[in-house]
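Sequence first, then the predicted structure, then my questions.
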Amino acid sequence: MVPMPKGFFLRRLWRVVRILLAVFVLLVVGFLVFRYFELERIKENEAKAVWILAQRITLADVMGENLPPEPNPEENNRTLAGIDANTNGIRDDVELAIHRLHPESARIRAAQLQYARALQFEMEDVTDSITLVAAAQQQGRGSGCIYDTGPSVTLDDPQEVWTEKFRIVENRKNEVWELVFDSDARKDKIEDNARRYMTSYGSSREQDCDIDLATLPD
């Protein structure tokens with residue numbers, strides 16, 4: 001039997017230890033790189049959420065001072081976001097339809113445009129739970145603003161009066177919903193966002209309407 005060279009086992013052990021150390025270092029470096037990019041992603045999404053919550057429609061949007069041209073349907077449906085030529089956050093075909101549906105009421109247009117913009121956030125800007133919550137809070141505000149466009153009621157009013165108010169309000173919300181989610185792809189997108197990112201959240205503490213409806217002419 002040939003004797004092992006002196007220090008053979010120590011050299012072999014050191015080789016194994018070096019391999020293990022190299023693997024450990026690679027794992028640590030990989031983890032640190034992953035955490036760096038993950039933290040950067042979270043920061044970006046937090047900044048996007050702050051941006052979503054800060055967005056407001058303007059009086060010019062409501063009064064139609066910068067209405068976009070009618071978009072080409074084929075180009076508009078080529079992407080989920082569609083076309084927003086006047087860059088106010090509302091898809092052009094949706095904005096134009098709201099103005100056509102309610103030319104007589106700036107208050108309804110204000111509430112519906114705000115709601116439409118919130119729904120666009122949910123479809124276009126949601127990338128995680130943080131941004132989904134921001135978009136959902138904006139949707140809640142828009143929904144509340146549409147509620148404020150309904151007939152005035154009091155606690156003394158009979159049930160049928162309340163029922164009629166809710167019918168009117170739901171119809172106005174549904175008008176916008178159907179305009180924004182006018183294709184299976186757009187419906188699938190918002191449903192997918194809800195499945196992937198939905199989490200518990202509280203309602204916004206901001207007032208519902210971007211523009212005080214009482215300041216509008218009708």
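Nice, thanks for sending it over.

how does this structure divide into domains?
Taking automatic domain parsing as the domain assignment, the ranges for the chain are 9-54, 56-215.

Could you find the closest non-adjacent residue to Cys121?
Check again: residue 121 is Phe, not Cys. Distance criterion C-beta to C-beta, 6 or more residues apart in numbering; nearest residue to Phe121, sequence neighbours excluded, is Ala135 at 4.0 Å. C-beta here means a position set from N, CA and C on the backbone, and glycine is covered the same way.

give me every residue that touches that neighbour.
Shown in contact with Ala135 (C-beta atoms under 8 Å, 6 or more residues apart in numbering): Ile52, Ala118, Phe121, Glu122, Asp125, Val126.

Now the element after the longest helix out of those in the chain, going C-ward?
Longest helix in the chain, counting residues (DSSP state H): helix 8-54. Using DSSP states H and E, the next helix or strand after helix 8-54 towards the C-terminus is helix 59-63.

residues of that next one that come out buried?
For helix 59-63, burial by neighbour count (16 or more other C-beta atoms under 10 Å) applies to Asp61, Val62.

Could you point out the helix or strand that follows it?
From helix 59-63, the next helix or strand downstream (DSSP H and E) is helix 73-76.

could you dump that next one to CSV, C-alpha only?
Extracted as CSV, the C-alpha positions of helix 73-76 are listed here (Å, rounded to 0.1, in the frame of the first residue of the first chain):
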residue,chain,number,x,y,z
PRO,A,73,-60.2,52.5,-32.8
GLU,A,74,-57.6,50.1,-34.1
GLU,A,75,-54.7,52.1,-32.7
ASN,A,76,-56.6,52.8,-29.5
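
Now tell me what touches it from outside.
Contact with helix 73-76 is made by Gly82, Ile83, Arg91, Asp92, Asp93, as judged by C-beta under 8 Å, 6+ apart.

Tell me which of the residues you listed fall in helices.
Those of the contacts of helix 73-76 lying in helices (DSSP H): Asp92, Asp93.

measure Ile19 to Leu13 for me?
Using C-beta to C-beta, to the nearest Å, one obtains 11 Å as the distance from Ile19 to Leu13.

ugh, wrong one, I meant Thr58
Counting by C-beta to C-beta, the gap from Thr58 to Leu13 is 73 Å.

neighbour count winner among the two?
Taking other C-beta atoms under 10 Å, Thr58 and Leu13 do not tie; Thr58 has more neighbours (14 against 10).

Grab the nearest non-local neighbour of that one.
Leaving aside its chain neighbours, Thr58 sits nearest to Asn88 (7.5 Å; criterion: C-beta to C-beta, 6+ apart).

contacting residues for that neighbour?
Applying C-beta under 8 Å, 6+ apart, we find Asn88 in contact with Ile57, Thr58, Asp61, Asn66, Glu95, Arg117.
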